[in-house]
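[1] sequence and predicted structure below; questions after.
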Amino acid sequence: MSEKVVVIYSGGMDSYTVLNKAIRAGYEVYALSFNYGQRHVKELQVAEQVCNSLNIAHKIVDISTINQLIGGSSLTDDIDVPEGHYEEESMKSTVVPNRNMILLSLAVGYAVSLKANKVFYGAHSGDHAIYPDCRPEFVKKMDDVCRIANYEEIEIVCPYLNNSKIDILTDGLKMGLDYSETWTCYNGREKACGKCGACQERLEAFALNNAQDPLSYEA
């Protein structure tokens, strides 16, 4: 039997690549998506479509009530999403307090219940500048604690922790992945805005891979 793993899958291009990487490595993948009260659910709809097409187990869990406790982010509150590159100071408004610790804890509990022994998520080096819960020191500490938090040892796996989004896209294109099956923009309109930090980084990754982004943009 294949080894069971849980993949935290947002519907974005990073987690989409991680999801497919785990499948191609021969794991029995259980995808886990979260509605944590983000501005839109377009990513989650995309994630559901992808999992259906791949015929893999997928749960979308509504934890939006946590916003009673962890507000203040432009991704969850009525605060304008900043435009510009991820490394700009203004992008710190997109930090959702303690998000990845919460999501990883829930994913680890799910893994224990499935008798899986790994949880994958898509942190990468481009996130390090503004997201503390995507940095190597955070991942290392979470891995340490998740190995001892239950009778069963669960490993936290970040295949692209020290790679950029450019590298992730390079790997995905080598796998022949279709990135029209992803949504990256922080805004949930019909077309991607092309101006928020998520769009800017995505467009940069495609440009540096000499590839055409299959998504349509407003700008």
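    Sure, I can see it.
[2] those strands in this structure, which residues are they?
    Per DSSP state E, the chain carries strands over the ranges 4-8, 28-35, 57-62, 118-120, 155-157.
[3] a markdown table please, covering those strands and showing mean neighbour count and distance to Asp144.
    Placement of C-beta: from N, CA and C, glycine included. Shown next, in a markdown table, are the strands of the chain (neighbours: other Cβ atoms under 10 Å; distance: least, Cβ to Cβ, whole Å):
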| stretch | mean neighbour count | distance to Asp144 |
| --- | --- | --- |
| strand 4-8 | 24 | 18 |
| strand 28-35 | 22 | 21 |
| strand 57-62 | 15 | 25 |
| strand 118-120 | 24 | 14 |
| strand 155-157 | 19 | 9 |
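[4] where in the protein is pLDDT low?
    Low-confidence segments of the chain (pLDDT under 70): 39, 70-96, 126-130, 219.
[5] contacting residues around the closest residue to Lys4 other than its chain neighbours?
    In this structure, Lys4 finds its nearest non-sequential neighbour in Ala116, 3.7 Å apart by Cβ to Cβ, 6 or more residues apart in numbering. Neighbouring residues of Ala116 by Cβ atoms under 8 Å, 6 or more residues apart in numbering: 3-6, 30, 110, 154.
[6] apply 10 Å and report the result again.
    3-6, 27-30, 107-108, 110, 152, 154-155 (Cβ atoms under 10 Å, 6 or more residues apart in numbering).
[7] tell me the one among these nearest to Ser125.
    Glu155 (20.3 Å; Cβ to Cβ).
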